[in-house]
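S.K.: structure, please.
(one chain, ligands or ions: 1)
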Amino acid sequence: MTEARVKAKVKVGVLISGRGSNMLALIEAAQAGGYPAEISAVISNRPGAAGLQVASDAGVFAMAIDHALFGKDREGHERAMDAVLRDRGVEALALAGFMRVLSPWFVQAWAGRMINIHPSLLPAYPGLNTHARALEAGETEAGCTVHEVTLGVDEGPVLGQARVPVLKGDDADRLAARVLEAEHRLYPAALAEFCARFRQ
Ligand code: GAR
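M.R.: Model prediction:
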């Protein structure tokens, strides 16, 4: 008789700063069953982030750790997040619209265990205002990238990309909405692939 081996799900923490639509895509994928990860915690650096309520409504532990309370002590804020994540047993992190640059301390603490989604086809258009810049440059194609987080902002090995066309009459908002739909498909797939590494 062969013994079935059930692999434990990887406990994933999600860091957000805003509405959390990518976070919700990850939560829904993880709750659908047969997914290699469970979302064990959501943390926002902004107390007013709409995504906190979205996560709570989905039954996921969610809390704000306000970076403003730490003043210039970036690492202090990150140590507070790190303590909560470890307390929740989090093994891997997904940044989902987390709009703060992480310190080398935090990046190293989670090295090889942290991914991010960015709304461009990296290495093109790192940083902010990606859609406006892509339109300004006359691009005919846009998209999104999931990558491992390393010390350089929006750098790190690419796990996956999704491409969408730029259409006639697009403005930054219309293009952002089309890219966001692609993000919601790409991120759950990329996180699943990433988590498979942890249970080999
Ligand atoms: C997403 O488009 C994400 O790719 C982007 O912020 C948005 C967050 O939306 N992230 C970055 O620009 C990171 N550099 P969401 O809160 O609805 O997921």
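S.K.: would you mind naming what in this protein lies close to the ligand?
M.R.: For the chain, the contact set with the ligand under C-beta under 6 Å from any ligand atom comprises 16, 18-22, 51, 96-97, 117-119, 180, 183. Yep, even glycine has a C-beta here, placed from its N, CA and C like the rest.
S.K.: model confidence for residue 6, exactly?
M.R.: At residue 6, the predicted lDDT confidence score is 68.
S.K.: no, scratch that, I was asking about residue 141
M.R.: Residue-level confidence at residue 141 comes out at 98, pLDDT.
S.K.: give me every residue that touches it.
M.R.: Residue 141 makes contacts with 121, 163, 164, 165, 166, as judged by C-beta atoms under 8 Å, 6 or more residues apart in numbering.
S.K.: what's the ChimeraX line that selects buried ones from the residues you listed?
M.R.: Selecting just the buried residues from the contacts of residue 141 in ChimeraX takes one command, with 16 or more other C-beta atoms under 10 Å as the test:
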select :121,164,166
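S.K.: want to try JSON lines for the contacts of residue 141, with secondary structure as columns?
M.R.: Output for those, formatted as JSON lines (DSSP: H, G, I helix; E, B strand; the rest coil):
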{"residue": "121", "secondary structure": "coil"}
{"residue": "163", "secondary structure": "strand"}
{"residue": "164", "secondary structure": "strand"}
{"residue": "165", "secondary structure": "strand"}
{"residue": "166", "secondary structure": "coil"}
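S.K.: can you name the two of the contacts of residue 141 that sit furthest apart?
M.R.: Taking C-beta to C-beta, the two most distant members of those are 121 and 165; they sit 12.2 Å apart.
S.K.: shared neighbours, those two?
M.R.: Taking C-beta under 8 Å, 6+ apart as the contact criterion, the residues that touch both residue 121 and residue 165 are 141, 142.
S.K.: for the ligand, what is the nearest residue in this protein?
M.R.: Of all residues in the chain, residue 97 sits closest to the ligand, at 2.6 Å by C-beta to the nearest ligand atom.
S.K.: contact partners for that residue?
M.R.: Contacts of residue 97 were listed using C-beta under 8 Å, 6+ apart, and they are 16, 17, 18, 19, 20, 21, 22, 23, 51, 117.
S.K.: wait, the fourth one touches residue 52, no?
M.R.: Going back to what we said before, that points to residue 19. No - the pair formed by residue 19 and residue 52 falls short of the contact definition of C-beta atoms under 8 Å, at 10.2 Å.
S.K.: ok, the two, which is more surrounded?
M.R.: Ranked by neighbour count (other C-beta atoms under 10 Å), residue 19 and residue 52 place residue 52 first, with 22 against 14.
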